[in-house]
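Engineer: Here's a sequence, model it:
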Amino acid sequence: MCTMSPDRIPQLASALLRLSGQTLSAVSQATGIRTANLSVWLRGKPQVISAARVTALMHHLGIEGGQLRGDVLHQWADHGQLDLLSAVCTLLHAKDSPPAWLFQDEQPGLTKTRFLQWGNAWIRLAVTPDTSGLADLASITRAQRVVTMPYALASINTDSAQMASHALLELAQQVAVDVGDDELLDGLMHRLNEDQAAELAFSTTNPAGWAQLERALRSALKNGVSPAGLARWIARYHCQ
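Structural biologist: Below is the predicted model:
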């Protein structure tokens, strides 16, 4: 994901506003931008909103520095041919910097729950396939890998991006272990849990190192990583 030309920012804001299900009045109340000015700006009149307010607006909609924010869980809904999602992927240059992972399940129901890990950002998608069958989520997002889980993703905890990512990691790791997919397991450890792996990847050849490891493990448990997940990680990276 990278910065875009100023004339395309209103297009991105409009798509994100609709994906997130927010109304103009709600965004106006949250950002202090008059509803009338916001409506006109979204139609291509940039002079009605200052640069500072545009920055605040995009931050509210989940964009910072031309990228999706990694400190929030983005919750989007797109029903039909996924035009809104396609527009966001195009504007954020998914072709050049595609999402790393697309998680899906095979649960029945009209609306499907999907998760994307894109850079440092996590996105929960609620999608309803269109009747034409032409809306291909993997093709639209250009995700580098699609993981199909035998679990209902609609039940994933969405209180925070961190909690959702930990839950998805644990489930995907179990899938990788069950099917014996070492490539998937290695990819998950390195791509989905990169920050945690970096935190734990220090020397334990001295007492100070062991003390660091203990603090990191306690922190991981506090943040929702399961004991089983930690045990697998320790066995894989510290007991060889």
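Engineer: could you say what helices and strands the helix ranked longest in the chain packs with?
Structural biologist: Counting by DSSP state H, the longest helix found in the chain is helix 161-179. With contacts defined as 3 or more CB pairs under 8 Å, 6 or more residues apart in numbering; DSSP states H and E, the packing partners of helix 161-179 are strand 112-118, strand 121-129, strand 145-149, helix 182-187, helix 227-237. Quick note: C-beta positions are derived from backbone N, CA and C, even for glycine.
Engineer: Strand 145-149 and that one, what's the angle between them?
Structural biologist: 80 degrees (axes from the mean of the first three to the mean of the last three CA atoms, to 10 degrees).
Engineer: domain parsing for this protein?
Structural biologist: The record's domain parsing of the chain by automatic domain parsing lists 6-67, 72-158, 167-237.
Engineer: Could you export these as CSV, including mean neighbour count?
Structural biologist: Formatted as CSV, those follow (neighbours: other CB atoms under 10 Å):
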stretch, mean neighbour count
domain 6-67, 16
domain 72-158, 17
domain 167-237, 15
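Engineer: Rank the helices and strands of this protein by mean pLDDT and give me the bottom one.
Structural biologist: helix 194-200 (a mean of 47; mean pLDDT, DSSP states H and E).
Engineer: quick revisit: rank the helices and strands packed on helix 161-179 by mean pLDDT and give me the bottom one.
Structural biologist: Among those, helix 182-187 carries the lowest mean pLDDT, a mean of 57.
Engineer: which residues touch stretch 54-68?
Structural biologist: 1-4, 9, 12-13, 16-17, 20, 22, 27, 30-33, 38, 41, 46, 49, 69, 72, 74, 92, 118-121, 123 (CB atoms under 8 Å, 6 or more residues apart in numbering).
Engineer: quick one: which of those sit in helices?
Structural biologist: Reading helices off these with DSSP H, I get I9, L12, A13, L16, L17, V27, A30, T31, L38, W41.
Engineer: Dump those residues to TSV, plus distance to A56 and pLDDT.
Structural biologist: Formatted as TSV, the ones in helices among the contacts of stretch 54-68 follow (distance: CB to CB, whole Å; pLDDT from 0 to 100):
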residue	distance to A56	pLDDT
I9	13	93
L12	15	95
A13	12	96
L16	14	97
L17	14	96
V27	11	96
A30	9	94
T31	5	94
L38	12	94
W41	13	94
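Engineer: Tell me the one among these nearest to L102.
Structural biologist: Checking the ones in helices among the contacts of stretch 54-68 against L102 by CB to CB gives L16 as the nearest, at 19.0 Å.
Engineer: The closest one and C89 touch, don't they?
Structural biologist: No - in this structure, L16 is not within contact of C89 by CB atoms under 8 Å, at 11.8 Å.
Engineer: Show me the shaky parts of the protein.
Structural biologist: Within the chain, the ranges that satisfy pLDDT under 70 run 1-4, 131-135, 176-226, 229-230, 232-240.
Engineer: Tell me which residue is most central in it.
Structural biologist: W122 (1.3 Å; CA atoms, centre = their mean).
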